[in-house]
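Asker: following is a predicted model, sequence given first.
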Amino acid sequence: MLLTLCFIGAAQGMVISPNQTLTLHEVPLKYAGSAGGVLQTGQRIGTSMGLAIMTALAFAVTAVSDWNVGMISSFAAIAIIVILAGIVGLAEVRRGRRRQL
């Protein structure tokens, strides 16, 4: 379990810090504190909504199938959302680079 938690911690460290840096990059310094608070609140709300939706999906699929299919469907949905978020992130980085030129 320690090994898997190390991977999770490293992954969060590689995602959360750059995400906050990129998100708050264009915020004026005098609004940085409140913008950071709004960002964290949005992250907490998104996390709780994601957990609720994926749990509901797992139990909805489990109601008509077995537990393994419910878990697979939830993890597949999570993978699709992560891939879509990655595509949006890459598009945003490319848009930012074109704006700087």
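Answerer: Great, that's in hand. Residues are numbered from 1 along each chain as shown.

Asker: CA only for contacts and neighbour counts going forward, please
Answerer: Fine.

Asker: strands of this structure, start to end?
Answerer: Remark: no strands are assigned in the chain by DSSP state E.

Asker: report the central residue of it.
Answerer: Centroid-nearest residue in the chain: residue 82, 6.9 Å away (criterion: CA atoms, centre = their mean).

Asker: what about that one, distance to residue 65?
Answerer: 25 Å (CA to CA, to the nearest Å).

Asker: before we move on, what about residue 19?
Answerer: Taking CA to CA, one finds residue 19 at 37 Å from residue 65.

Asker: and residue 25, backbone torsions?
Answerer: phi -60, psi -40 (degrees, to the nearest 10).

Asker: count of neighbours near it?
Answerer: With neighbours defined by other CA atoms under 10 Å, the count for residue 25 comes to 11.

Asker: any idea of the pLDDT on it?
Answerer: pLDDT recorded at residue 25 is 83.

Asker: check residue 39 too.
Answerer: 89.

Asker: list the contacts of it.
Answerer: residue 20 (CA atoms under 8 Å, 6 or more residues apart in numbering).

Asker: how near is it to residue 25?
Answerer: For residue 39, the distance to residue 25 (CA to CA) stands at 12 Å.

Asker: average model confidence for stretch 62-70?
Answerer: For stretch 62-70, the mean pLDDT works out to 94.
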